[in-house]
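In: just the structure for this:
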Amino acid sequence: MVDTLWKKELLEKIQDETGAKPGTKEMISHYTKQLNQLIASLSPDELQEAKETAELWNCQGVLDDIKADIARKKGNDMIHHFATEMWNCAGMRVFIVSAWKNEEGKIHVASHDYNNSAQRDQVYREGQMLSLHE
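Out: Next up is the predicted model:
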């Protein structure tokens, strides 16, 4: 919760103090320590805000702009992970059609197929997104 509400400040602090760029392994190695420091530095009012936001999101769900950000940044990796796990654990081939609204409210639809019988191992490592439609 705190990392979502103060994400920009957290990433800027890590970059300023360490020079690590967002999304790099170096950034990730500093993330937990800096997040814990951020939480410890919050005022009682800020902690209350985080608690109230968490309660709201638990009841109503995450805000649409945050959902769009997660879909854009993590959607394909999450789908690829699921498809790989289903193949590895159950021998199941998976084809997924995903749809999400971006930050501007436009709907994006994509099909994901990681099934290639001739080169299955290579396809699962490299991945493939067949199409993206607006």
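
In: so where's the protein shaky on pLDDT?
Out: 116-134 (pLDDT under 70).

In: now the helices for it?
Out: For the chain, applying DSSP state H gives helices covering 2-5, 7-18, 25-41, 44-60, 64-90, 120-126.

In: could you list the buried residues of the longest one?
Out: Buried residues in helix 64-90, counting neighbours by 16 or more other C-beta atoms under 10 Å, are found at 68, 69, 71, 75, 76, 79, 80, 83, 84, 87. Quick note: C-beta positions are derived from backbone N, CA and C, even for glycine.

In: what angle separates it from helix 7-18?
Out: Here helix 64-90 runs at an angle of 80 degrees relative to helix 7-18 (axes from the mean of the first three to the mean of the last three C-alpha atoms, to 10 degrees).

In: how far out from the middle of the chain is helix 64-90?
Out: 8 Å (C-alpha atoms, centre = their mean, to the nearest Å).

In: let's have the chain start at 55 instead
Out: Got it, first residue is 55 now, which makes that one helix 118-144.

In: packing partners for that helix?
Out: strand 149-155, strand 161-167, helix 174-180 (3 or more C-beta pairs under 8 Å, 6 or more residues apart in numbering; DSSP states H and E).

In: what are the buried residues along the second one?
Out: Residues of strand 161-167 classed as buried under the neighbour-count rule (16+ other C-beta under 10 Å) are 162, 164, 166, 167.

In: how about the CA coordinates for that strand, as PDB?
Out: The C-alpha trace of strand 161-167 is given here as PDB (Å, rounded to 0.1, in the frame of the first residue of the first chain):
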ATOM      1  CA  ILE A 161      -9.700  -0.700 -24.300                       C
ATOM      2  CA  HIS A 162      -6.800  -2.800 -25.400                       C
ATOM      3  CA  VAL A 163      -7.200  -6.500 -26.400                       C
ATOM      4  CA  ALA A 164      -4.300  -8.900 -26.900                       C
ATOM      5  CA  SER A 165      -4.000 -12.600 -27.700                       C
ATOM      6  CA  HIS A 166      -1.200 -14.500 -26.100                       C
ATOM      7  CA  ASP A 167      -0.100 -17.900 -27.400                       C
END
